[in-house]
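Q: got a predicted structure here, sequence first:
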Amino acid sequence: MTNTTHALAGLLTAEVLIRAGHLPEQAAVQALGTAVLGALLPDIDHPSSYIGRRVPVVPYLLGGHRRAAHSLLAALAVVLLAHRFLGLSGFLIFSLVGGYLSHLALDLLNPEGAMLFWPFPLWVRLPLPWPLVFPTRSVEEEWVLRPFLAGVVIILGGKLWGINF
């Protein structure tokens, strides 16, 4: 998936968490940003991704795309590092890991899948039929998945911020 699709999934994840947590508006805005960051973070292992271009050495240290950074172990490491070194706690940690997990979930809809249980060399993808499989930069991603995510983000976000459609 592209960074736009992953960012939309991060926003959607944050909106769901915000609604469940009944946060004040200021905390909600922080949670949105943290979840989007989390949703983009796994692609740090790809040199031409949005985040991979900003830290050009890291993609080459992680052993390839959709391997270590796309694992549940990496999600746990991100939580621990964010708490230890950035001082994130509580809802911001949930937002960060929620965004991260949304990225992993979307990549399981890609025909390539991901090494979800790295360091074990097991590629995982959901065995879904054609309309529910989304190759990166495909017509299905750009004209089905992305508009669907955007629509849900707009509807949930509107209700969250008091806008009725």
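A: Great, that's in hand.
Q: where does Gly63 land in three-state SS?
A: Under the three-state scheme (DSSP: H, G, I helix; E, B strand; the rest coil), Gly63 adopts coil.
Q: counting neighbours, what do you get for it?
A: The local packing of Gly63 (other C-beta atoms under 10 Å) involves 13 other residues. (C-beta placed from N, C-alpha, C; glycine too.)
Q: also Pro42?
A: 30.
Q: same question for Thr2.
A: Thr2: 15 neighbours (other C-beta under 10 Å).
Q: phi first, then psi, for it.
A: For Thr2, the backbone dihedrals (degrees, to the nearest 10) come out as phi -90, psi 170.
Q: packing partners of the longest helix along the chain?
A: If you go by DSSP state H, the chain has its longest helix at helix 3-21. In terms of contacts (3 or more C-beta pairs under 8 Å, 6 or more residues apart in numbering; DSSP states H and E), helix 3-21 is packed against helix 25-40, helix 91-107, helix 146-160.
Q: mind checking the end-to-end distance for stretch 10-29?
A: Across stretch 10-29, the terminal residues are separated by 13 Å (C-alpha to C-alpha, to the nearest Å).
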